[in-house]
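*Asks:* I would like the atomic coordinates for the input below:
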Amino acid sequence: MVDYGPSWRDHRRFALMTLRNFGLGKNSMEERIHGEIKHIINTLEKNIGKILSPQVMFHNAASNIICQVLFGTRYEYDDEFIREIVRCVRENSKLANGPWAMLYDSFPMIHNLPLPFTKAFRNVETSKKLVIKLVNEHKKTRVAGEPRDFVDCYLDELDKRGSDGSSFSEEQLIIYSLDLHFAGTDTTSNTLLTGFLYLMTNPHIQERCQQEIDRVLVGKDRVGFDDRHNMPYMQAVTHEVQRIANTVPLSVFHCTTKDTELMGYSIPKGTIVIPNLTSVLNEEGQWKFPHEFNPENFLNDQGEFVKPEAFMPFSAGPRMCLGEGLARMELFLIMVTLLRKFKFIWPEDAGEPDYTPVYGITQTPKPYHMKVQLRAPHQ
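*Replies:* Next up, the predicted model:
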């Protein structure tokens, strides 16, 4: 059942307020993202002229950005915490919508049989243990009323509420942290992977992005999120990447909060509703080019950026994505910074690109390789 009760509302309100206080959409968040981009650049610089598989690199970067918000820490890419938690996230996003999980949903009594989906339960337990360890460390080092991150804020809230029987608890903190980490890691990294796949295989689009970036950022050390207003083509590309990536095609489950009439159908209160985001992101009549990767979908005849109503990759309604502001900032800053510094090339011996996504809770491109070259220094 989809929860719209007091516990869900309480936690949603708390998360929105806390994430806002920790700089989603503010300069502090921009600093964190730029800090992480340096580590992506280091990885790419070590692979100049070589063939590189970018999957884990983008997952690590997205994981680290949300880890800084949740736990106040960034991890080296070879750190056990990030290696394990990223592995669990990647595996579970594939297992959760696979055939074994569907079988389990249909017949929960097979829970204890040694079938492949039991790996998902083990991964959840592994992730929980990692977060419990972090929460225990926070309890030792925190100063009440002076929160450093999301976990501290939640512990402060627990102190404030006491044992009033509220829905806030350490168990909920662990589950909520994992939910936010999963949501902030998998979607962003898969969108970046989709973006660079299409930019490599459409070099004319990559080149046009770079010309706009060079022109707008001339004399600047780095891009700021506000620069997007002067980059209509780059804005169009990042939005088109999100449309094509269609990272969470069935969104999260919603539920009717009252008896509803829709297109002649009666839908009783409490009915689970599964939004089909694919239907709007590819809808004929809403897009100039609904079935191909084309930034013109977001540009008018004057070359200005426009956002059609059918663009809703973050879903809609009360359950729409909490981290929309963070995701938009990450995509823009990471893509612009990397395109400014590097040229991304589809390897000669890689054959024809396969754009068919791998289906799961989140869609992800099939694993691919990239070749990276340094661009000439900017003026």
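*Asks:* how close does the residue sitting furthest away from the middle of the chain sit to Gly270?
*Replies:* For the chain, the residue at maximal distance from the C-alpha centroid (CA atoms, centre = their mean) is Gly264, at 36.0 Å. Separation of Gly264 from Gly270 (CB to CB, to the nearest Å): 20 Å. All C-beta spots, glycine's among them, are computed from the backbone N, C-alpha and C.
*Asks:* just Gly72 next, same as before
*Replies:* Separation of Gly72 from Gly270 (CB to CB): 39 Å.
*Asks:* next one: His204
*Replies:* Look at His204 and Gly270: by CB to CB, they are 51 Å apart.
*Asks:* before we move on, back to that, so for Gly72 and Gly270, which sits in the more crowded spot?
*Replies:* Gly72 (18 against 13; other CB atoms under 10 Å).
*Asks:* all helices for the stretch 101-250 of the chain, in order.
*Replies:* Along the stretch 101-250 of the chain, the segments classed as helices by DSSP state H, counting those that start in this stretch run 118-141, 150-161, 170-201, 203-216, 232-245.
*Asks:* would JSON lines of the ones you listed with mean pLDDT be doable?
*Replies:* Formatted as JSON lines, these follow (pLDDT from 0 to 100):
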{"stretch": "helix 118-141", "mean pLDDT": "85"}
{"stretch": "helix 150-161", "mean pLDDT": "85"}
{"stretch": "helix 170-201", "mean pLDDT": "86"}
{"stretch": "helix 203-216", "mean pLDDT": "96"}
{"stretch": "helix 232-245", "mean pLDDT": "90"}
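*Asks:* what about this protein, any weak spots by pLDDT?
*Replies:* Along the chain, segments meeting pLDDT under 70 span 1-8, 16, 20-27, 93-118, 163-165, 247-254, 275-282, 310-325, 359-362, 377-379.
*Asks:* all strands of it, in order?
*Replies:* Taking DSSP state E to define them, one finds strands in the chain at 51-52, 254-255, 260-262, 265-267, 272-273, 342-345, 370-374.
*Asks:* now those in TSV, with distance to Gly219?
*Replies:* Shown next, in TSV, are the strands of the chain (distance: least, CB to CB, whole Å):
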stretch	distance to Gly219
strand 51-52	31
strand 254-255	47
strand 260-262	54
strand 265-267	57
strand 272-273	50
strand 342-345	20
strand 370-374	20
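*Asks:* burial measure for the residue nearest to Lys258 when sequence neighbours are not counted, as a count.
*Replies:* The shortest distance from Lys258 to any non-neighbouring residue, by CB to CB, 6 or more residues apart in numbering, is to Lys269 (5.1 Å). Neighbour count for Lys269, taken as other CB under 10 Å: 10.
*Asks:* OK, contacts around Lys269?
*Replies:* 256-260 (CB atoms under 8 Å, 6 or more residues apart in numbering).
*Asks:* from Glu261, how far out is it?
*Replies:* 12 Å.
*Asks:* now Gly195. Nearest residue, chain neighbours left out?
*Replies:* Spatial nearest neighbour of Gly195, excluding adjacent residues (CB to CB, 6+ apart): Val241 at 4.0 Å.
*Asks:* list the contacts for that neighbour?
*Replies:* 191, 194-195, 198, 331, 335.
*Asks:* can I get those residues in TSV with distance to His291?
*Replies:* Output for the contacts of Val241, formatted as TSV (distance: CB to CB, whole Å):
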residue	distance to His291
Thr191	19
Thr194	15
Gly195	18
Tyr198	14
Leu331	22
Met335	23
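*Asks:* can you redo the strands of the chain as TSV with mean neighbour count?
*Replies:* Putting the strands of the chain into TSV (neighbours: other CB atoms under 10 Å) gives the following:
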stretch	mean neighbour count
strand 51-52	16
strand 254-255	18
strand 260-262	10
strand 265-267	10
strand 272-273	12
strand 342-345	19
strand 370-374	17
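*Asks:* check the separation of the first and last residues in stretch 190-209.
*Replies:* 20 Å (CA to CA, to the nearest Å).
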